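Engineer: compute the structure for the input listed below.
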Amino acid sequence: MTKAKIILERESQYADKQRAYKVVLDGEAIGDIYDGERKTFIVESGAHTLSLKIDWARSNKVGFVASKNEKTHFKCANRAKGFRVLLAIIYGTVLSQRYNKLERVE
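Structural biologist: Numbers count the residues shown, from 1 in each chain. Just a heads-up that it's a prediction; the model follows:
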């Protein structure tokens, strides 16, 4: 199979500052990303689904097609912006499937 690259950038935020998000490709963890970090992952070309995980909380899933010799770029962040503890608790429990946001950057 041919290889492709995905680039993931994590916004620097107070929430989860010292913690890593698991990067999940097609249901399998492929690595971690820390606060303010930018990482490149080598993946097989073809159709994939990307998401993030921290403890029991998840991000949305983003489907994409990785092409040989092309980079697919994503950004991620915690939905609880700034020092909003109550909001972080709500997203971490009731809305745990939407705790993190993940979006493709064109």
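Engineer: isn't A15 right next to N100, touching?
Structural biologist: No: using CB atoms under 8 Å, A15 is not in contact with N100, being 9.7 Å away. Bear in mind the C-beta positions are built from the backbone N, C-alpha and C, glycine included.
Engineer: between these two, which one's more packed in?
Structural biologist: A count of neighbours by other CB atoms under 10 Å puts N100 above the other of A15 and N100, at 24 against 21.
Engineer: I'd guessed that one sits against K75; true?
Structural biologist: No: between N100 and K75 there is no contact under CB under 8 Å: 10.9 Å.
Engineer: tell me, how many residues neighbour T72?
Structural biologist: When neighbours are counted by other CB under 10 Å, T72 registers 21.
Engineer: least confident secondary structure element in this structure?
Structural biologist: helix 85-93 (a mean of 54; mean pLDDT, DSSP states H and E).
Engineer: so what secondary structure elements neighbour the helix or strand that contains R104?
Structural biologist: R104 belongs to strand 100-105 when assigned by DSSP states H and E. Counting by 3 or more CB pairs under 8 Å, 6 or more residues apart in numbering; DSSP states H and E, the packing neighbours recorded for strand 100-105 are strand 46-54, strand 62-66, strand 71-78.
Engineer: so the second one versus strand 46-54, what angle?
Structural biologist: Okay, so that is strand 62-66. 140 degrees (axes from the mean of the first three to the mean of the last three CA atoms, to 10 degrees).
Engineer: avg pLDDT for strand 62-66?
Structural biologist: Taken as a whole, strand 62-66 has a mean pLDDT of 96.
Engineer: what helices or strands is that strand leaning on?
Structural biologist: Partner elements for strand 62-66 (3+ CB pairs under 8 Å, 6+ apart): strand 3-10, strand 46-54, strand 71-78, strand 100-105.
Engineer: kind regards, and thank you for your time.
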